[in-house]
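J.: here is the input, now give the coordinates:
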Amino acid sequence: MVTITISGTPGSGKSTVAQLLEKRLGIPYVYSGMIFRTLAKKYDMSLEDFGKYCETHENVDKKIDEEQLDVLKKGNVIIEGRLAGWLSYEHKIPAFTVFIDADIDIRAARIVERENGTVEQRKREIRKRERSEALRYKQYYGVELSNNSIYDLVIDSSEKTAEEIVDMILKHVKK
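T.: The predicted structure is shown next:
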């Protein structure tokens, strides 16, 4: 039985890596961002506006985290989320924790490829989102998102394919 958390920055390739891991390992993949996106739609807000809303409505983040914790406690899963690694660490839930990052220009270009727009527009959105998340997670949990010391593996995906990253993860998981 293996539990893997995939955390990282927007556009770093987390979802692609998690989906490939799901195929390679044959265990379920849960994406906490989908919970967030579903709630944003329910509240009839853009992701940016909903993130801002969450800065003053702690209950939304707490609800998402409770769902992630339930999944983590069951184990044998790949869970992708900004706080997935931190939740595992803080609650002493055994998991192999991965953090993926990349240069902001590369991340913005990836998001443009997936969702359209311009690189400059996406960079502005990434920065706003990262500021909002850093503020919320520091305020609600005392978590410094820039602290990667709790992760088993930190990967810069700027010049790596998703397959190379999956191979790196599996190499470490099988040790």
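J.: before we move on, what SS does the residue lying closest to I106 once chain neighbours are set aside have?
T.: Closest residue in space to I106, ignoring its immediate chain neighbours: S158 at 5.1 Å, by C-beta to C-beta, 6 or more residues apart in numbering. For every residue, glycine as well, the C-beta is placed using N, CA and C. Under DSSP: H, G, I helix; E, B strand; the rest coil, S158 falls in the coil class.
J.: longest helix of this structure?
T.: Secondary structure of the chain read by DSSP state H shows that its longest helix is helix 119-141.
J.: tell me which strands and helices that helix is in contact with?
T.: Applying 3 or more C-beta pairs under 8 Å, 6 or more residues apart in numbering; DSSP states H and E, one finds that helix 119-141 makes contact with helix 47-54, helix 58-74, helix 84-90, helix 104-115.
J.: pick the most buried one from those helices.
T.: Each of the helices and strands packed on helix 119-141 was scored by mean neighbour count; the highest is helix 84-90, a mean of 23, by mean count of other C-beta atoms under 10 Å.
J.: which residues are contacting it?
T.: Applying C-beta atoms under 8 Å, 6 or more residues apart in numbering, the contact partners of helix 84-90 are 3, 5-7, 32, 65, 68-69, 72, 81, 93-95, 97-99, 137, 141, 143, 150-151.
J.: and K174, which of the helices and strands packed on helix 119-141 is closest to it?
T.: helix 84-90 (18.9 Å; C-beta to C-beta).
J.: tell me the angle the longest helix of the chain makes with helix 104-115.
T.: Going by axes from the mean of the first three to the mean of the last three C-alpha atoms, to 10 degrees, helix 119-141 is angled at 100 degrees with respect to helix 104-115.
J.: now do the buried residues in whichever strand or helix holds V154.
T.: Secondary structure from DSSP states H and E places V154 in strand 153-156. Under the neighbour-count criterion of 16 or more other C-beta atoms under 10 Å, strand 153-156 has L153, I155 buried.
J.: great, nothing more from me.
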